[in-house]
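Novice: here is my input, please return the structure:
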Amino acid sequence: MTVYSLVLFVHVVAVLTLFSALSLEALSLFRLRRASGLPEIRLWIEPVPGLPSITGSSLLVTLLSGIYLAVQMSAFGGAWPKVTIAALFLIAPLAAISGRRMRAIHRASASTAAMISDLRGRLRDPLLKISLDIRIAVVLGIVLLMDAKPGLWESVGIVGTSVALGLLAAFLVSSRASSTR
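Specialist: Purely as a prediction, here's the structure:
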């Protein structure tokens, strides 16, 4: 086994971990938005202790292993690795915004005087869903960049389209869910 194949394995595992963490976050947000009471909110507010740490760590390992792999492939002459790194840095502030809001909801739900109506209002914050959907779409777009290895404008177009599809998904699912209630 070579160092390259070991780093490639670590890279793939980190990406799978990132997708797993995003899936758990999506499930948690889905269940939280449909929670009927405070006990159910408390159950789903943190489905996996340390999920933000897992997500952040997997993102960091993905970035570092991806840089190593791109250097070994002499791929940094191409545009796609640079656009991929920029896209990864687009994900970080979105995750930070969501994380800050979810921590505030977590603190509020831990209070014995928590108002269910206030918590429901915070959980219906559209930014939580928008952030999650954009992050998922951008990570999928990054996978496409790694596979297709396109030029600069195609790479930028893929990331831009990923952001647009994430926004579209957030609004279509939100409006569909609102109309069925």
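Novice: helices along this protein, start to end?
Specialist: 3-33, 38-44, 51-72, 80-110, 116-123, 126-148, 152-179 (DSSP state H).
Novice: low-scoring stretches of this structure, by residue?
Specialist: For the chain, residues meeting the criterion pLDDT under 70 lie at 112, 114, 174-181.
Novice: which residue would you name as the spatial centre of this protein?
Specialist: Arg135 (3.9 Å; C-alpha atoms, centre = their mean).
Novice: let me see the contact set for it.
Specialist: By C-beta atoms under 8 Å, 6 or more residues apart in numbering, Arg135 lies in contact with Leu22, Ile91, Leu94, Ala95, Gly166. In this view, the C-beta of every residue, glycine as well, is placed from N, C-alpha and C.
Novice: same question for Ile45.
Specialist: Counting by C-beta under 8 Å, 6+ apart, Ile45 makes contact with Ser28, Leu32, Met102, Ile105, His106, Ser109.
Novice: what do you get if the cut-off is 7 Å, keeping everything else the same?
Specialist: Counting by C-beta atoms under 7 Å, 6 or more residues apart in numbering, Ile45 touches Leu32, Ile105, His106, Ser109.
Novice: what does it show for phi and psi?
Specialist: Main-chain torsions, Ile45, degrees, to the nearest 10: phi -70, psi -30.
Novice: one more: Asp125?
Specialist: The phi and psi values for Asp125, taken as degrees, to the nearest 10, are phi -50, psi 120.
Novice: do the same with Arg34
Specialist: With angles defined as degrees, to the nearest 10, Arg34 sits at phi -110, psi 10.
Novice: could you report the neighbour count for it?
Specialist: 11 (other C-beta atoms under 10 Å).
Novice: how close does it get to Glu40?
Specialist: 8 Å (C-beta to C-beta, to the nearest Å).
Novice: return the member of the contacts of Ile45 nearest to Val61.
Specialist: Closest to Val61 out of these is His106 (25.5 Å), distances taken as C-beta to C-beta.
Novice: how near is that closest one to Leu59?
Specialist: 21 Å.
Novice: neighbour count winner among those two?
Specialist: Set His106 next to Leu59 and count neighbours by other C-beta under 10 Å: Leu59 wins out with 21 against 13.
Novice: so Pro52 touches Arg100, yeah?
Specialist: No - Pro52 is beyond contact range of Arg100, at 10.3 Å (criterion: C-beta atoms under 7 Å).
Novice: who has more neighbours, the two?
Specialist: A count of neighbours by other C-beta under 10 Å puts Pro52 above the other of Pro52 and Arg100, at 18 against 10.
Novice: need the nearest residue in space to that one, chain neighbours excluded.
Specialist: Gly99 (5.3 Å; C-beta to C-beta, 6 or more residues apart in numbering).
Novice: burial count for that neighbour?
Specialist: Counted with other C-beta under 10 Å, residues neighbouring Gly99 total 16.
Novice: ok, now the one 10 residues further on?
Specialist: With neighbours defined by other C-beta under 10 Å, the count for Ser109 comes to 23.
Novice: right, I'll call it a day here.
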